[in-house]
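In: here's a sequence, model it:
(4 chains)
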Amino acid sequence: MEIRVEAAPFDPGEILSAFTARQTHAGAVVSFTGLTRDLGGTLQKMEIEHYPGMTEKALTDIASEALTRWGLEDILILHRHGALHPQEPIMMVATAARHRKGAFEAADFLMDYLKSRAPFWKKEVTSDSAAWVNAKDDDETALTRWQ
Amino acid sequence: MEIRVEAAPFDPGEILSAFTARQTHAGAVVSFTGLTRDLGGTLQKMEIEHYPGMTEKALTDIASEALTRWGLEDILILHRHGALHPQEPIMMVATAARHRKGAFEAADFLMDYLKSRAPFWKKEVTSDSAAWVNAKDDDETALTRWQ
Amino acid sequence: MKRDVLYFAWVRERIGEGRETIESDAATAADLIEELRQRGPNYEAAFADITALRVAYDQELTELSAALGETQEVAFFPPMTGG
Amino acid sequence: MKRDVLYFAWVRERIGEGRETIESDAATAADLIEELRQRGPNYEAAFADITALRVAYDQELTELSAALGETQEVAFFPPMTGG
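Out: Residues are numbered from 1 along each chain as shown, chains lettered A, B, ... in the order given. Now for the predicted structure:
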(Lines give C-alpha, C1' and ligand atoms only; values in the text may rest on other atoms or scores of the structure.)
Protein backbone atom coordinates (compact mmCIF):
# COMPACT_ATOMS: atom_id res chain seq x y z
CA MET A 1 0.00 0.00 0.00
CA GLU A 2 1.37 3.39 -1.00
CA ILE A 3 -0.12 6.74 0.06
CA ARG A 4 1.43 9.93 -1.30
CA VAL A 5 0.38 13.54 -0.71
CA GLU A 6 2.66 15.91 -2.55
CA ALA A 7 2.90 19.28 -4.26
CA ALA A 8 5.04 18.21 -7.22
CA PRO A 9 3.51 17.36 -10.62
CA PHE A 10 3.52 13.66 -11.49
CA ASP A 11 3.26 11.51 -14.61
CA PRO A 12 0.41 8.97 -14.23
CA GLY A 13 2.22 6.64 -16.62
CA GLU A 14 5.38 6.52 -14.51
CA ILE A 15 3.31 5.72 -11.44
CA LEU A 16 1.36 2.99 -13.27
CA SER A 17 4.55 1.41 -14.66
CA ALA A 18 6.10 1.08 -11.22
CA PHE A 19 2.84 -0.11 -9.65
CA THR A 20 2.27 -2.78 -12.33
CA ALA A 21 5.90 -3.94 -12.29
CA ARG A 22 5.82 -4.67 -8.56
CA GLN A 23 2.79 -7.00 -8.75
CA THR A 24 3.53 -10.71 -8.36
CA HIS A 25 0.06 -12.27 -8.18
CA ALA A 26 -2.31 -9.75 -9.72
CA GLY A 27 -4.27 -10.42 -12.90
CA ALA A 28 -5.91 -7.00 -13.07
CA VAL A 29 -4.72 -3.45 -12.50
CA VAL A 30 -7.11 -0.48 -12.64
CA SER A 31 -6.00 3.14 -12.47
CA PHE A 32 -7.96 6.36 -12.19
CA THR A 33 -6.39 9.74 -12.92
CA GLY A 34 -8.18 13.01 -12.20
CA LEU A 35 -7.24 15.99 -14.37
CA THR A 36 -7.77 19.70 -13.72
CA ARG A 37 -10.51 20.74 -16.12
CA ASP A 38 -10.41 24.10 -17.77
CA LEU A 39 -13.98 25.36 -17.63
CA GLY A 40 -14.35 27.34 -20.81
CA GLY A 41 -10.73 28.36 -21.11
CA THR A 42 -10.75 30.82 -18.20
CA LEU A 43 -9.01 28.80 -15.49
CA GLN A 44 -5.59 30.13 -14.53
CA LYS A 45 -4.95 27.64 -11.78
CA MET A 46 -6.56 25.33 -9.29
CA GLU A 47 -5.37 25.70 -5.70
CA ILE A 48 -5.71 22.66 -3.49
CA GLU A 49 -5.58 23.07 0.26
CA HIS A 50 -5.38 20.07 2.57
CA TYR A 51 -5.08 19.18 6.25
CA PRO A 52 -1.58 17.74 6.74
CA GLY A 53 -1.68 14.76 9.07
CA MET A 54 -5.40 14.11 8.75
CA THR A 55 -5.07 13.73 4.97
CA GLU A 56 -2.59 10.86 5.19
CA LYS A 57 -4.65 9.28 7.96
CA ALA A 58 -7.93 9.50 6.02
CA LEU A 59 -6.35 8.12 2.83
CA THR A 60 -4.75 5.25 4.73
CA ASP A 61 -8.08 4.39 6.37
CA ILE A 62 -9.93 4.40 3.04
CA ALA A 63 -7.21 2.31 1.37
CA SER A 64 -7.15 -0.21 4.23
CA GLU A 65 -10.88 -0.66 4.03
CA ALA A 66 -10.73 -1.32 0.27
CA LEU A 67 -7.79 -3.69 0.66
CA THR A 68 -9.74 -5.86 3.11
CA ARG A 69 -13.14 -5.59 1.49
CA TRP A 70 -11.95 -6.72 -1.97
CA GLY A 71 -8.95 -8.80 -0.87
CA LEU A 72 -6.72 -6.69 -3.10
CA GLU A 73 -3.07 -7.34 -3.88
CA ASP A 74 -2.10 -3.67 -3.69
CA ILE A 75 -3.36 -0.07 -3.63
CA LEU A 76 -1.82 3.27 -4.45
CA ILE A 77 -3.27 6.73 -3.76
CA LEU A 78 -1.46 9.87 -4.84
CA HIS A 79 -2.99 13.33 -4.36
CA ARG A 80 -1.42 16.68 -5.10
CA HIS A 81 -1.89 19.91 -3.18
CA GLY A 82 -0.85 23.48 -3.98
CA ALA A 83 -1.24 25.19 -7.37
CA LEU A 84 -2.18 23.15 -10.45
CA HIS A 85 -2.52 24.17 -14.08
CA PRO A 86 -5.36 23.20 -16.45
CA GLN A 87 -5.18 19.58 -17.69
CA GLU A 88 -2.53 18.65 -15.11
CA PRO A 89 -3.11 15.42 -13.18
CA ILE A 90 -4.52 16.22 -9.71
CA MET A 91 -4.62 12.74 -8.26
CA MET A 92 -4.48 9.07 -9.05
CA VAL A 93 -5.55 5.78 -7.54
CA ALA A 94 -4.42 2.33 -8.64
CA THR A 95 -5.71 -1.06 -7.52
CA ALA A 96 -4.30 -4.53 -8.19
CA ALA A 97 -6.43 -7.67 -7.76
CA ARG A 98 -6.58 -11.28 -8.89
CA HIS A 99 -9.67 -10.57 -11.00
CA ARG A 100 -11.02 -7.52 -12.79
CA LYS A 101 -14.21 -7.12 -10.77
CA GLY A 102 -12.39 -6.41 -7.51
CA ALA A 103 -9.92 -4.03 -9.15
CA PHE A 104 -12.72 -2.00 -10.79
CA GLU A 105 -15.03 -1.86 -7.78
CA ALA A 106 -12.26 -0.93 -5.36
CA ALA A 107 -11.01 1.92 -7.58
CA ASP A 108 -14.56 3.23 -7.91
CA PHE A 109 -15.03 2.97 -4.12
CA LEU A 110 -11.73 4.77 -3.42
CA MET A 111 -12.77 7.67 -5.67
CA ASP A 112 -16.19 8.01 -4.06
CA TYR A 113 -14.68 8.13 -0.57
CA LEU A 114 -11.80 10.34 -1.53
CA LYS A 115 -14.19 12.94 -2.99
CA SER A 116 -16.03 13.57 0.24
CA ARG A 117 -14.04 12.02 3.08
CA ALA A 118 -10.45 13.14 2.48
CA PRO A 119 -9.66 16.69 3.69
CA PHE A 120 -8.91 18.47 0.41
CA TRP A 121 -10.49 21.71 -0.77
CA LYS A 122 -10.28 23.07 -4.29
CA LYS A 123 -10.27 26.73 -5.28
CA GLU A 124 -10.61 27.81 -8.90
CA VAL A 125 -8.69 30.93 -9.85
CA THR A 126 -9.52 32.77 -13.09
CA SER A 127 -8.20 36.15 -14.27
CA ASP A 128 -10.94 37.98 -12.38
CA SER A 129 -12.13 35.67 -9.62
CA ALA A 130 -11.18 33.03 -7.08
CA ALA A 131 -13.89 30.68 -5.83
CA TRP A 132 -13.96 27.61 -3.61
CA VAL A 133 -15.47 24.63 -5.41
CA ASN A 134 -18.74 23.55 -3.80
CA ALA A 135 -19.18 19.96 -2.74
CA LYS A 136 -21.76 18.16 -4.87
CA ASP A 137 -24.76 16.47 -3.30
CA ASP A 138 -24.10 13.71 -5.85
CA ASP A 139 -20.76 12.98 -4.25
CA GLU A 140 -22.36 12.47 -0.87
CA THR A 141 -25.09 10.31 -2.39
CA ALA A 142 -22.48 8.18 -4.18
CA LEU A 143 -21.26 6.88 -0.80
CA THR A 144 -24.56 5.14 -0.11
CA ARG A 145 -23.70 2.67 -2.89
CA TRP A 146 -21.06 1.12 -0.62
CA GLN A 147 -23.01 0.84 2.62
CA MET B 1 -9.84 6.35 -30.70
CA GLU B 2 -6.86 4.03 -30.90
CA ILE B 3 -7.07 0.26 -31.50
CA ARG B 4 -3.85 -1.77 -31.42
CA VAL B 5 -3.39 -5.52 -31.86
CA GLU B 6 0.25 -6.45 -31.62
CA ALA B 7 2.69 -9.17 -30.64
CA ALA B 8 5.29 -6.95 -28.94
CA PRO B 9 5.36 -6.46 -25.16
CA PHE B 10 4.19 -3.04 -23.96
CA ASP B 11 4.56 -0.88 -20.88
CA PRO B 12 1.11 0.13 -19.56
CA GLY B 13 2.64 3.28 -18.07
CA GLU B 14 4.00 4.49 -21.38
CA ILE B 15 0.61 3.96 -22.98
CA LEU B 16 -1.18 5.79 -20.15
CA SER B 17 1.26 8.74 -20.28
CA ALA B 18 0.66 9.29 -23.98
CA PHE B 19 -3.10 8.78 -23.64
CA THR B 20 -3.40 11.24 -20.74
CA ALA B 21 -1.14 13.83 -22.37
CA ARG B 22 -3.29 14.02 -25.50
CA GLN B 23 -6.53 14.83 -23.62
CA THR B 24 -7.73 18.41 -23.89
CA HIS B 25 -11.15 18.31 -22.19
CA ALA B 26 -11.17 15.21 -20.02
CA GLY B 27 -11.43 15.35 -16.24
CA ALA B 28 -11.13 11.60 -15.70
CA VAL B 29 -8.96 8.86 -17.19
CA VAL B 30 -9.47 5.19 -16.27
CA SER B 31 -7.15 2.39 -17.37
CA PHE B 32 -7.41 -1.35 -17.04
CA THR B 33 -4.40 -3.63 -17.55
CA GLY B 34 -4.71 -7.41 -17.70
CA LEU B 35 -1.67 -9.42 -16.61
CA THR B 36 -0.81 -13.06 -17.35
CA ARG B 37 -1.33 -14.88 -14.09
CA ASP B 38 0.98 -17.69 -13.12
CA LEU B 39 -1.29 -20.35 -11.67
CA GLY B 40 0.78 -21.96 -8.97
CA GLY B 41 4.15 -21.27 -10.57
CA THR B 42 3.81 -23.82 -13.38
CA LEU B 43 2.97 -21.57 -16.33
CA GLN B 44 5.72 -21.39 -18.96
CA LYS B 45 3.82 -19.19 -21.34
CA MET B 46 0.40 -18.09 -22.50
CA GLU B 47 -0.24 -18.31 -26.23
CA ILE B 48 -2.84 -15.98 -27.63
CA GLU B 49 -4.37 -16.70 -31.02
CA HIS B 50 -6.59 -14.20 -32.77
CA TYR B 51 -8.50 -13.68 -36.01
CA PRO B 52 -6.66 -10.94 -37.92
CA GLY B 53 -9.12 -8.58 -39.54
CA MET B 54 -12.09 -9.56 -37.43
CA THR B 55 -10.21 -8.67 -34.24
CA GLU B 56 -9.64 -5.05 -35.26
CA LYS B 57 -13.22 -4.83 -36.53
CA ALA B 58 -14.72 -6.24 -33.30
CA LEU B 59 -12.59 -3.97 -31.10
CA THR B 60 -13.48 -0.91 -33.19
CA ASP B 61 -17.19 -1.77 -32.93
CA ILE B 62 -17.01 -2.19 -29.14
CA ALA B 63 -15.03 1.04 -28.73
CA SER B 64 -17.42 3.00 -30.97
CA GLU B 65 -20.40 1.83 -28.96
CA ALA B 66 -18.76 2.91 -25.68
CA LEU B 67 -17.71 6.26 -27.15
CA THR B 68 -21.31 7.08 -28.10
CA ARG B 69 -23.02 5.57 -25.09
CA TRP B 70 -20.94 7.48 -22.52
CA GLY B 71 -20.06 10.50 -24.67
CA LEU B 72 -16.39 9.82 -24.03
CA GLU B 73 -13.50 12.06 -25.03
CA ASP B 74 -11.26 9.17 -26.07
CA ILE B 75 -10.71 5.39 -25.95
CA LEU B 76 -7.70 3.15 -26.36
CA ILE B 77 -7.67 -0.65 -26.67
CA LEU B 78 -4.41 -2.55 -26.96
CA HIS B 79 -4.34 -6.36 -27.05
CA ARG B 80 -1.34 -8.60 -27.55
CA HIS B 81 -1.23 -11.91 -29.38
CA GLY B 82 1.48 -14.58 -29.59
CA ALA B 83 3.51 -15.90 -26.67
CA LEU B 84 3.40 -14.12 -23.29
CA HIS B 85 5.31 -14.77 -20.08
CA PRO B 86 3.84 -14.85 -16.55
CA GLN B 87 3.01 -11.38 -15.12
CA GLU B 88 3.42 -9.71 -18.51
CA PRO B 89 0.67 -7.28 -19.55
CA ILE B 90 -1.73 -8.99 -21.99
CA MET B 91 -3.97 -6.10 -22.80
CA MET B 92 -5.07 -2.65 -21.76
CA VAL B 93 -8.01 -0.33 -22.17
CA ALA B 94 -8.12 3.37 -21.35
CA THR B 95 -11.09 5.72 -21.32
CA ALA B 96 -11.18 9.52 -21.01
CA ALA B 97 -14.35 11.36 -20.00
CA ARG B 98 -15.49 14.65 -18.54
CA HIS B 99 -16.53 12.94 -15.29
CA ARG B 100 -15.41 9.85 -13.44
CA LYS B 101 -18.65 7.87 -13.72
CA GLY B 102 -18.51 7.64 -17.51
CA ALA B 103 -14.81 6.76 -17.55
CA PHE B 104 -15.30 3.93 -15.01
CA GLU B 105 -18.45 2.47 -16.55
CA ALA B 106 -17.08 2.55 -20.09
CA ALA B 107 -13.84 0.78 -19.09
CA ASP B 108 -15.84 -1.87 -17.25
CA PHE B 109 -18.12 -2.28 -20.30
CA LEU B 110 -15.15 -2.56 -22.70
CA MET B 111 -13.62 -5.33 -20.58
CA ASP B 112 -16.87 -7.30 -20.39
CA TYR B 113 -17.33 -7.16 -24.17
CA LEU B 114 -13.70 -7.78 -24.96
CA LYS B 115 -13.74 -10.96 -22.86
CA SER B 116 -16.44 -12.69 -24.86
CA ARG B 117 -16.93 -10.77 -28.12
CA ALA B 118 -13.41 -10.16 -29.43
CA PRO B 119 -11.86 -13.14 -31.29
CA PHE B 120 -8.96 -14.04 -29.01
CA TRP B 121 -8.23 -17.51 -27.63
CA LYS B 122 -5.80 -18.23 -24.80
CA LYS B 123 -3.76 -21.39 -24.41
CA GLU B 124 -1.83 -22.11 -21.22
CA VAL B 125 1.43 -23.96 -21.68
CA THR B 126 3.13 -25.60 -18.68
CA SER B 127 6.15 -27.94 -18.68
CA ASP B 128 3.93 -30.97 -19.25
CA SER B 129 0.72 -29.72 -20.81
CA ALA B 130 -0.91 -27.23 -23.15
CA ALA B 131 -4.58 -26.43 -22.68
CA TRP B 132 -7.01 -23.97 -24.20
CA VAL B 133 -8.58 -21.75 -21.57
CA ASN B 134 -12.32 -22.35 -21.29
CA ALA B 135 -14.70 -19.44 -21.56
CA LYS B 136 -16.42 -18.71 -18.27
CA ASP B 137 -20.21 -18.65 -18.00
CA ASP B 138 -19.67 -15.61 -15.76
CA ASP B 139 -18.17 -13.71 -18.64
CA GLU B 140 -21.24 -14.34 -20.77
CA THR B 141 -23.53 -13.39 -17.88
CA ALA B 142 -21.59 -10.15 -17.33
CA LEU B 143 -22.83 -8.86 -20.68
CA THR B 144 -26.43 -8.79 -19.51
CA ARG B 145 -25.49 -5.89 -17.20
CA TRP B 146 -25.23 -3.62 -20.25
CA GLN B 147 -28.40 -4.59 -22.10
CA MET C 1 -20.19 -21.26 -54.54
CA LYS C 2 -16.61 -21.06 -53.29
CA ARG C 3 -15.98 -19.75 -49.80
CA ASP C 4 -12.98 -19.35 -47.51
CA VAL C 5 -13.51 -21.38 -44.37
CA LEU C 6 -11.37 -20.50 -41.33
CA TYR C 7 -10.74 -22.41 -38.10
CA PHE C 8 -9.28 -21.11 -34.83
CA ALA C 9 -7.98 -22.49 -31.52
CA TRP C 10 -8.91 -26.14 -30.88
CA VAL C 11 -11.14 -26.27 -33.96
CA ARG C 12 -8.05 -25.46 -36.03
CA GLU C 13 -5.94 -27.98 -34.12
CA ARG C 14 -8.44 -30.81 -34.54
CA ILE C 15 -8.90 -30.20 -38.26
CA GLY C 16 -5.20 -29.72 -38.81
CA GLU C 17 -5.31 -26.50 -40.76
CA GLY C 18 -6.44 -22.91 -40.32
CA ARG C 19 -7.96 -22.05 -43.66
CA GLU C 20 -9.27 -23.74 -46.78
CA THR C 21 -11.42 -22.89 -49.75
CA ILE C 22 -14.58 -24.96 -50.00
CA GLU C 23 -17.05 -25.36 -52.84
CA SER C 24 -20.49 -25.83 -51.32
CA ASP C 25 -24.14 -25.03 -51.80
CA ALA C 26 -24.87 -25.13 -48.04
CA ALA C 27 -27.56 -22.62 -47.06
CA THR C 28 -26.32 -22.09 -43.49
CA ALA C 29 -23.22 -22.71 -41.37
CA ALA C 30 -25.06 -25.64 -39.78
CA ASP C 31 -25.52 -27.20 -43.23
CA LEU C 32 -21.88 -26.54 -44.05
CA ILE C 33 -20.86 -28.36 -40.87
CA GLU C 34 -22.84 -31.41 -42.01
CA GLU C 35 -20.89 -31.44 -45.27
CA LEU C 36 -17.55 -30.91 -43.52
CA ARG C 37 -18.19 -33.83 -41.15
CA GLN C 38 -18.11 -36.17 -44.18
CA ARG C 39 -14.50 -35.21 -44.82
CA GLY C 40 -12.99 -37.42 -42.13
CA PRO C 41 -12.48 -38.06 -38.42
CA ASN C 42 -10.55 -34.82 -37.87
CA TYR C 43 -13.62 -32.84 -39.00
CA GLU C 44 -15.90 -35.10 -36.97
CA ALA C 45 -13.79 -34.38 -33.88
CA ALA C 46 -13.83 -30.63 -34.52
CA PHE C 47 -17.59 -30.56 -35.02
CA ALA C 48 -18.58 -33.20 -32.44
CA ASP C 49 -20.30 -30.68 -30.17
CA ILE C 50 -21.63 -27.73 -32.09
CA THR C 51 -23.08 -26.08 -28.96
CA ALA C 52 -19.42 -25.37 -28.06
CA LEU C 53 -18.89 -23.55 -31.37
CA ARG C 54 -19.18 -19.95 -32.48
CA VAL C 55 -19.39 -18.77 -36.08
CA ALA C 56 -18.64 -15.56 -37.95
CA TYR C 57 -19.76 -14.65 -41.50
CA ASP C 58 -17.43 -12.15 -43.15
CA GLN C 59 -15.95 -11.36 -39.73
CA GLU C 60 -19.26 -10.68 -37.97
CA LEU C 61 -20.49 -13.00 -35.21
CA THR C 62 -23.74 -14.71 -36.10
CA GLU C 63 -25.77 -17.90 -35.52
CA LEU C 64 -25.13 -21.30 -37.09
CA SER C 65 -28.65 -21.16 -38.52
CA ALA C 66 -28.16 -17.80 -40.29
CA ALA C 67 -28.41 -17.82 -44.10
CA LEU C 68 -24.97 -17.78 -45.73
CA GLY C 69 -26.16 -15.79 -48.76
CA GLU C 70 -23.17 -14.08 -50.40
CA THR C 71 -20.84 -14.66 -47.44
CA GLN C 72 -17.25 -15.02 -48.67
CA GLU C 73 -15.55 -15.98 -45.40
CA VAL C 74 -16.95 -18.36 -42.77
CA ALA C 75 -15.03 -18.88 -39.51
CA PHE C 76 -15.56 -21.54 -36.84
CA PHE C 77 -14.09 -21.22 -33.35
CA PRO C 78 -14.70 -21.91 -29.64
CA PRO C 79 -16.14 -19.24 -27.29
CA MET C 80 -13.67 -16.37 -27.12
CA THR C 81 -11.35 -15.85 -24.17
CA GLY C 82 -9.83 -12.42 -24.68
CA GLY C 83 -9.02 -9.78 -22.11
CA MET D 1 -8.57 23.25 28.83
CA LYS D 2 -6.32 24.45 26.01
CA ARG D 3 -6.92 23.12 22.53
CA ASP D 4 -5.55 23.73 19.05
CA VAL D 5 -8.32 24.94 16.77
CA LEU D 6 -7.72 24.70 13.01
CA TYR D 7 -9.57 26.29 10.10
CA PHE D 8 -9.44 25.37 6.42
CA ALA D 9 -10.60 26.76 3.07
CA TRP D 10 -13.21 29.55 3.35
CA VAL D 11 -13.51 29.08 7.12
CA ARG D 12 -9.81 29.93 7.36
CA GLU D 13 -10.17 32.86 4.95
CA ARG D 14 -13.12 34.38 6.83
CA ILE D 15 -11.44 34.07 10.23
CA GLY D 16 -8.14 35.29 8.87
CA GLU D 17 -5.90 32.60 10.31
CA GLY D 18 -5.44 28.85 10.03
CA ARG D 19 -4.66 27.85 13.60
CA GLU D 20 -4.93 29.19 17.12
CA THR D 21 -4.81 27.87 20.66
CA ILE D 22 -8.01 28.39 22.61
CA GLU D 23 -8.74 28.06 26.30
CA SER D 24 -12.30 26.82 26.64
CA ASP D 25 -14.55 24.60 28.71
CA ALA D 26 -16.91 23.91 25.80
CA ALA D 27 -18.36 20.40 25.96
CA THR D 28 -18.86 20.02 22.20
CA ALA D 29 -17.75 21.63 18.93
CA ALA D 30 -21.19 23.27 18.72
CA ASP D 31 -20.59 24.89 22.15
CA LEU D 32 -17.12 25.96 21.05
CA ILE D 33 -18.62 27.63 17.97
CA GLU D 34 -20.95 29.66 20.26
CA GLU D 35 -17.90 30.92 22.18
CA LEU D 36 -15.94 31.66 19.00
CA ARG D 37 -18.81 33.73 17.56
CA GLN D 38 -18.31 36.22 20.42
CA ARG D 39 -14.83 36.98 19.15
CA GLY D 40 -15.88 39.24 16.32
CA PRO D 41 -17.55 39.61 12.92
CA ASN D 42 -14.91 37.47 11.17
CA TYR D 43 -15.88 34.52 13.39
CA GLU D 44 -19.57 35.32 12.95
CA ALA D 45 -19.07 35.21 9.17
CA ALA D 46 -17.20 31.91 9.34
CA PHE D 47 -19.82 30.29 11.56
CA ALA D 48 -22.94 31.92 10.08
CA ASP D 49 -24.25 28.66 8.64
CA ILE D 50 -23.09 25.68 10.63
CA THR D 51 -24.97 23.20 8.42
CA ALA D 52 -22.28 24.01 5.80
CA LEU D 53 -19.51 23.01 8.24
CA ARG D 54 -17.66 19.80 8.94
CA VAL D 55 -15.61 19.09 12.04
CA ALA D 56 -12.76 16.76 12.96
CA TYR D 57 -11.56 15.89 16.49
CA ASP D 58 -7.92 14.85 16.56
CA GLN D 59 -8.05 14.36 12.78
CA GLU D 60 -11.14 12.12 12.75
CA LEU D 61 -14.39 13.33 11.18
CA THR D 62 -17.20 13.59 13.69
CA GLU D 63 -20.41 15.50 14.49
CA LEU D 64 -20.64 19.03 15.94
CA SER D 65 -22.61 17.56 18.84
CA ALA D 66 -19.94 14.98 19.79
CA ALA D 67 -18.35 15.35 23.25
CA LEU D 68 -14.92 16.99 23.02
CA GLY D 69 -13.54 15.06 25.99
CA GLU D 70 -9.74 15.02 25.84
CA THR D 71 -9.59 16.17 22.20
CA GLN D 72 -6.40 18.18 21.61
CA GLU D 73 -7.05 19.35 18.06
CA VAL D 74 -10.40 20.57 16.68
CA ALA D 75 -10.69 21.45 12.99
CA PHE D 76 -13.51 23.29 11.19
CA PHE D 77 -13.88 23.23 7.42
CA PRO D 78 -16.40 23.14 4.56
CA PRO D 79 -17.47 19.86 2.92
CA MET D 80 -14.43 18.32 1.26
CA THR D 81 -13.82 18.49 -2.46
CA GLY D 82 -10.94 16.11 -3.11
CA GLY D 83 -10.42 13.80 -6.05
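In: can we go C-alpha only for contacts and neighbour counts from here?
Out: Will do.
In: just the helices in chain A please.
Out: Secondary structure of chain A (DSSP state H): helices located at A:12-21, A:54-69, A:100-117, A:137-142.
In: around residue 54, how many other residues sit close by?
Out: The chain I'm using is chain A. Residue A:54 has 18 neighbours, counted by other CA atoms under 10 Å in any protein chain shown.
In: oops, I was thinking of chain C
Out: With other CA under 10 Å as criterion, residue C:54 counts 16.
In: spit out the contact partners of it.
Out: Going by CA atoms under 8 Å, 6 or more residues apart in numbering or on different chains, residue C:54 touches C:61, C:62, C:63, C:64, C:76, C:77, C:78, C:79.
In: same list (the helices of chain A) but as TSV, adding mean pLDDT and distance to chain D.
Out: Formatted as TSV, the helices of chain A follow (pLDDT from 0 to 100; distance: least, CA to the nearest CA, whole Å):
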stretch	mean pLDDT	distance to chain D
helix A:12-21	98	14
helix A:54-69	97	5
helix A:100-117	95	5
helix A:137-142	82	9
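In: what about stretch A:32-46, start to end distance?
Out: Taking CA to CA, to the nearest Å, stretch A:32-46 runs 19 Å from one end to the other.
In: hang on, the earlier thing: so which of the contacts of residue C:54 also contact chain D?
Out: Here nothing survives when those are matched to chain D using CA under 8 Å from any CA of the partner chain.
In: Provide a PyMOL selection command restricted to the buried entries of the residues you listed.
Out: The following PyMOL line selects those of the contacts of residue C:54 that are buried, judged by 16 or more other CA atoms under 10 Å in any protein chain shown:
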select buried, chain C and resi 61+64+76+77+78+79
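In: helix, strand, or coil at residue C:39?
Out: coil (DSSP: H, G, I helix; E, B strand; the rest coil).
In: list the contacts of it.
Out: So residue C:39 contacts nothing (CA under 8 Å, 6+ apart).
In: equivalent analysis for the one 4 residues further on, please.
Out: Listed by CA under 8 Å, 6+ apart, the contact partners of residue C:43 are C:14, C:15, C:36, C:37.
In: from these, which land in helices?
Out: Of the contacts of residue C:43, the ones assigned to helices by DSSP H are C:14, C:15, C:36, C:37.
In: what's the burial count for the second one?
Out: This points to residue C:15. By the criterion of other CA under 10 Å, residue C:15 has 20 neighbours.
In: that one contacts residue C:42, correct?
Out: Yes. Using CA atoms under 8 Å, residue C:15 is in contact with residue C:42, at 4.9 Å.
In: that older thread, any idea which of the helices of chain A is most buried?
Out: Mean neighbours per residue, mean count of other CA atoms under 10 Å in any protein chain shown, is largest over the helices of chain A for helix A:100-117, with a mean of 23.
In: before I go, just wanted to say thanks for your time.
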